[in-house]
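Visitor: everything below, folded, please.
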Amino acid sequence: MKTTFSEKFGLFGAGFIVLFVLAMGFGWILNIAKLVGTLDGGVTAWMIARTVGVFAAPLGAVLGYL
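Guide: All right, here's what the predicted structure looks like:
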């Protein structure tokens, strides 16, 4: 029985999506941790961007790694 392309790489694609979502979630949590660390300082552009990133998860995930 011959397997199709989607049968061969379907599990790989699903695994990639799971890893991607986990990486995004970890970045979002890092963003929140960095935001809490900046609360004792003044208001900066990074602090405002991180605050927006808490509510806009894709932005927060990227900012968490920066």
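
Visitor: just so I have it, where are all the helices in the protein?
Guide: Secondary structure of the chain (DSSP state H): helices at 5-37, 45-55, 57-65.

Visitor: what's the spacing between Phe16 and Val36?
Guide: For Phe16, the distance to Val36 equals 31 Å [Cβ to Cβ, to the nearest Å]. All C-beta spots, glycine's among them, are computed from the backbone N, C-alpha and C.

Visitor: so which of the helices of the chain is the most packed in?
Guide: Across the helices of the chain, averaging neighbours per residue (mean count of other Cβ atoms under 10 Å) puts helix 57-65 on top, at a mean of 17.

Visitor: just the residues contacting that one, thanks.
Guide: 23-34, 46, 49-50, 52-54 (Cβ atoms under 8 Å, 6 or more residues apart in numbering).

Visitor: and it, C-alpha only, in PDB?
Guide: Extracted C-alpha coordinates of helix 57-65, given in PDB (Å, rounded to 0.1, in the frame of the first residue of the first chain):
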ATOM      1  CA  ALA A  57      -0.200  37.600  22.200                       C
ATOM      2  CA  PRO A  58       1.800  37.300  18.900                       C
ATOM      3  CA  LEU A  59       3.500  40.700  19.600                       C
ATOM      4  CA  GLY A  60       4.100  39.600  23.200                       C
ATOM      5  CA  ALA A  61       5.600  36.300  22.100                       C
ATOM      6  CA  VAL A  62       8.100  38.100  19.800                       C
ATOM      7  CA  LEU A  63       9.000  40.800  22.400                       C
ATOM      8  CA  GLY A  64       9.500  38.100  25.000                       C
ATOM      9  CA  TYR A  65      12.500  36.800  23.100                       C
END
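
Visitor: that one to helix 45-55, inter-axis angle?
Guide: 130 degrees (axes from the mean of the first three to the mean of the last three Cα atoms, to 10 degrees).

Visitor: how far off centre is helix 57-65?
Guide: 5 Å (Cα atoms, centre = their mean, to the nearest Å).

Visitor: would you mind checking the average pLDDT for it?
Guide: Averaged across helix 57-65, the pLDDT comes to 91.
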